[in-house]
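> what follows is a predicted structure for the sequence shown.
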Amino acid sequence: MAEEDLVEEYLDAITAENEIIAATEVMDTLGERLKETDGAGDKMREMLAAGNAISQLAEQADDPTKVVSAARDASGDVAQVASIGKDRISEAIGDAVGDLEEQAIEEAGGYRVDHGIGLDRFLEDHLEEVVVQRSTDAVDDPVLRWRFDEGERVETKDGVHFDHYHFFKKLSAATDRRLVTELASEKAEDHSDSAEEYARKSLGPKDRPWSRKNDLWTRSISGLVEERSRTETVLGPRTEAWEHIRARIASGRGVRDLDDAVTQGMIYVAEDVDEIWIPTSMVADAVESVETSRRALQSELAERGIDSDELSGSGISEAVTSSGTTARFWRLDATHDEVPEPETVLDEADDPTERSTGVEGDDQDDSGPSNGPETFGRAPEDEDDGVDEDDEGGEDE
């Protein structure tokens, strides 16, 4: 029997005028005929003929995709009646109607969820730009500002956008549009025989196949950010604290005598090791002025390579005792381009009662009884007292 004649037999068996119902009738006919057919070749001809009949019904319908969906939904019943795998039937139907279905979906504006706006479509169609705000800090956690076409503004950090559901919650709270967690692209799964075909049919370019699966979601959202982002650089709090300290050093008075530096609270110029030692009071003032922490500033200076090589990662500070007074200093590499020389450097303090310009006492940090063991810095070799465990960034950011 010619293929055209076989298709006509399926169409002649239809009793309904509605194309969607007619499609289910074609599938019922397919199930009965497959049950009575022997041989793989004959079974395949039956399935292709049924697919072509459904294709003709879809061409006549106002919404071809609903006709095809009705046929696909009936594939399970046909498979059960004919004792044939459902995938074989779906593939045969898909071969016959695939191009028509894809064209109809494209003409309707692409895949969409049944109700509301799918998260992937919201991002693809309505996201205008992502502003990636980075700071001048060497240790930086960028902030992303998402801007949408109806004025929605969302700010994320700590990689929240890599978590599908948490990102959805942030976006849905910021918009009056009915945003849903479902992805419109996932409707293409039933129409795709491979990952490559799914990537082609998914919203957006082929290199971001939207999916709620972690690896594919990360790939797609990263690609979207890369495509639509611009970067803004702002002054970071750690950088600002360091600039504050640099200015204090450059305008301050230093001394080459360590005992005088301890007792007078001055900057110590350690020429033998090419270092500048600054009192912790100077650090405390700097971090307080920009609302960061000593621990954060220590990390920043370490990343920049400004901290002392001699401490070998054990900390950034040294506690020193002289004439019954204990003081803690942050040790900086004087050879580093970012470390300035003090405006004035003395061999020894010229006035024992005068403290270094701009350096005030920090009795809690640099002198007095110890409140506990050294945490980040290095304790003096001969004495335990006078060390505050918070001197080296014991605060959290």
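Here it is on my side, so go on.
> what about the nearest residue to residue 135 once chain neighbours are set aside, distance to residue 339?
Distances taken as C-beta to C-beta, 6 or more residues apart in numbering place residue 236 nearest to residue 135, at 3.1 Å, with adjacent residues excluded. Where C-beta positions appear, they are placed from N, C-alpha and C, glycine not excepted. Distance from residue 236 to residue 339, counting by C-beta to C-beta, to the nearest Å: 18 Å.
> please apply the same query to residue 118.
Distance of residue 118 to residue 339, computed by C-beta to C-beta: 54 Å.
> again with residue 85
When C-beta to C-beta is applied, the distance between residue 85 and residue 339 equals 73 Å.
> if we can go back for a sec, residue 118 and residue 339: who's more crowded?
Neighbours of residue 118 and residue 339, each counted by other C-beta atoms under 10 Å, are more numerous for residue 118; the result is 25 against 21.
> which ones are touching that one?
Residue 118 makes contact with 111-112, 180, 182-185, according to C-beta atoms under 8 Å, 6 or more residues apart in numbering.
> just give the number of residues close to residue 44.
Neighbour count of residue 44, defined by other C-beta under 10 Å: 13.
> over to residue 40?
Under the criterion other C-beta under 10 Å, the count of neighbours that residue 40 has is 10.
> and residue 128, what helix or strand is that in?
Taking DSSP states H and E as the criterion, residue 128 maps to strand 127-135.
> go on, residue 345?
Element membership for residue 345 (DSSP H and E) is strand 344-346.
> what stretches of the stretch 251-397 of the chain score poorly on pLDDT?
Across the stretch 251-397 of the chain, residues meeting the criterion (pLDDT under 70) sit at 312-314, 351-397.
> got the CA positions of whatever helix or strand comes next after the strand holding residue 128 in CSV?
Next helix or strand after strand 127-135 toward the C-terminus (DSSP H and E): strand 143-148. In CSV, the C-alpha atoms belonging to strand 143-148 read as follows (Å, rounded to 0.1, in the frame of the first residue of the first chain):
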residue,chain,number,x,y,z
VAL,A,143,28.4,43.0,44.2
LEU,A,144,26.1,42.5,41.2
ARG,A,145,23.3,44.9,40.4
TRP,A,146,20.6,43.5,38.1
ARG,A,147,18.6,46.1,36.1
PHE,A,148,15.4,45.2,34.3
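> got the angle for strand 143-148 vs strand 127-135?
Interaxial angle, strand 143-148 versus strand 127-135 (axes from the mean of the first three to the mean of the last three C-alpha atoms, to 10 degrees): 160 degrees.
> where exactly do the strands run in the stretch 201-350 of the chain?
Taking DSSP state E, counting those that start in this stretch as the criterion, the stretch 201-350 of the chain carries its strands at 229-234, 253-255, 267-270, 275-279, 317-322, 325-333, 344-346.
> what does the fourth one contact?
Contact with strand 275-279 is made by 245, 248-249, 254, 261, 265-270, 308, 310, 318, 327-334, 339, 341-342, 356, 359, 362, 366, as judged by C-beta under 8 Å, 6+ apart.
> in what helix or strand does the closest residue to residue 224 other than its chain neighbours lie?
Closest residue in space to residue 224, ignoring its immediate chain neighbours: residue 123 at 6.0 Å, by C-beta to C-beta, 6+ apart. When elements are assigned from DSSP H and E, residue 123 belongs to helix 119-126.
> got the angle between that helix and strand 127-135?
Regarding helix 119-126 and strand 127-135, their directions subtend 90 degrees when assessed with the same axes, to 10 degrees.
> what residues of helix 119-126 count as buried?
By neighbour count on 16 or more other C-beta atoms under 10 Å, the buried set for helix 119-126 is 119-126.
> same check, this time on stretch 201-220
Buried residues in stretch 201-220, counted by 16+ other C-beta under 10 Å: 201-204, 208-212, 216-217, 219-220.
> so which of the residues you listed belong to helices?
Applying DSSP state H to these, the entries found in helices are 201, 216-217, 219-220.
> and the two most separated of those residues?
In those, the most distant members under the criterion C-beta to C-beta are 201 and 217, with 17.1 Å between them.
> how many neighbours does the nearest residue in space to residue 263 that is not next to it in sequence have?
In space, residue 263 comes closest to residue 325 once its chain neighbours are excluded; the distance is 5.3 Å by C-beta to C-beta, 6+ apart. Neighbour count for residue 325, taken as other C-beta under 10 Å: 16.
> pretty sure residue 325 sits against residue 265.
No - shown here, residue 325 and residue 265 do not form a contact pair, counting by C-beta atoms under 8 Å, at 9.2 Å.
> wait, what's in contact with residue 259?
Neighbour list for residue 259: 322-323 [criterion: C-beta under 8 Å, 6+ apart].
> give me that answer again for 10 Å
Contacts of residue 259 were listed using C-beta atoms under 10 Å, 6 or more residues apart in numbering, and they are 268, 320-323, 325, 348-349.
> can you turn the buried part of those into a ChimeraX selection?
Entered in ChimeraX, the line below selects the buried ones among these, by 16+ other C-beta under 10 Å:
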select :268,320,321,325,349
